[in-house]
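Colleague: Would you be able to build a 3D model of this:
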Amino acid sequence: MKNLVKGLVAGAIGLGIAGCDVDQTKEGEMPDVDINTSGGQLPEFNVTGPEVSVGTENTVVQTPTIDVDLPGDGKEKK
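Modeller: The predicted model follows:
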């Protein structure tokens with residue numbers, strides 16, 4: 001079965017490649033480029049970032065107490 005699928009895929013690819021006829025109708029050429037450069041200058045920036053203070057602080061967070069009664073643990077309420 002795998003060989004049949006591989007054969008069909010290879011056949012489809014072969015037909016796709018053979019089905020195209022490409023003829024070059026004109027030669028390509030690179031454009032003529034003339035570059036005249038003179039000294040330039042990059043812009044200058046003076047950037048001052050904000051002052052940031054980073055620290056830690058201990059905090060106590062109260063969490064609720066949850067009581068779960070599972071069936072079969074002998075603590076069922078009646």
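
Colleague: where does residue 13 fall, phi/psi-wise?
Modeller: When read as degrees, to the nearest 10, the backbone of residue 13 gives phi -70, psi -40.

Colleague: Just give me the neighbour total for it.
Modeller: By other CB atoms under 10 Å, 10 other residues sit near residue 13. Yep, even glycine has a C-beta here, placed from its N, CA and C like the rest.

Colleague: Ok, residue 63 next?
Modeller: For residue 63, the count of nearby residues is 5 (other CB under 10 Å).

Colleague: Now do it, the pLDDT please.
Modeller: At residue 63 the predicted local confidence, pLDDT, stands at 92.

Colleague: Against residue 34, how distant is it?
Modeller: Distance check for residue 63 against residue 34: by CB to CB, to the nearest Å, it reads 75 Å.

Colleague: Tell me the span between the first and last residue of stretch 33-51.
Modeller: Using CA to CA, to the nearest Å, the end-to-end distance of stretch 33-51 comes out at 50 Å.

Colleague: could you give me the average pLDDT of it?
Modeller: Per-residue pLDDT values over stretch 33-51 give a mean of 85.

Colleague: and what of stretch 67-78?
Modeller: Across stretch 67-78, pLDDT averages out at 71.

Colleague: Quick check: which element contains residue 61?
Modeller: Under the criterion DSSP states H and E, no helix or strand holds residue 61.

Colleague: again with the one 10 residues further on
Modeller: Assignment of secondary structure by DSSP H and E places residue 71 within no helix or strand.

Colleague: Which strand or helix spans residue 67?
Modeller: In this assignment (DSSP H and E), residue 67 forms part of neither any helix nor any strand.

Colleague: count of neighbours near it?
Modeller: If you count neighbours by other CB under 10 Å, residue 67 ends up with 5.

Colleague: can you check the one 4 residues further on too?
Modeller: By the criterion of other CB under 10 Å, residue 71 has 6 neighbours.

Colleague: same thing with residue 49?
Modeller: So residue 49, with other CB under 10 Å, has 5 neighbours.

Colleague: can you check the one 3 residues further on too?
Modeller: Other residues near residue 52 come to 5 when the count uses other CB under 10 Å.

Colleague: Next up, the contacts around it.
Modeller: By CB atoms under 8 Å, 6 or more residues apart in numbering, the contact set of residue 52 is empty.

Colleague: Fine by me, thanks again.
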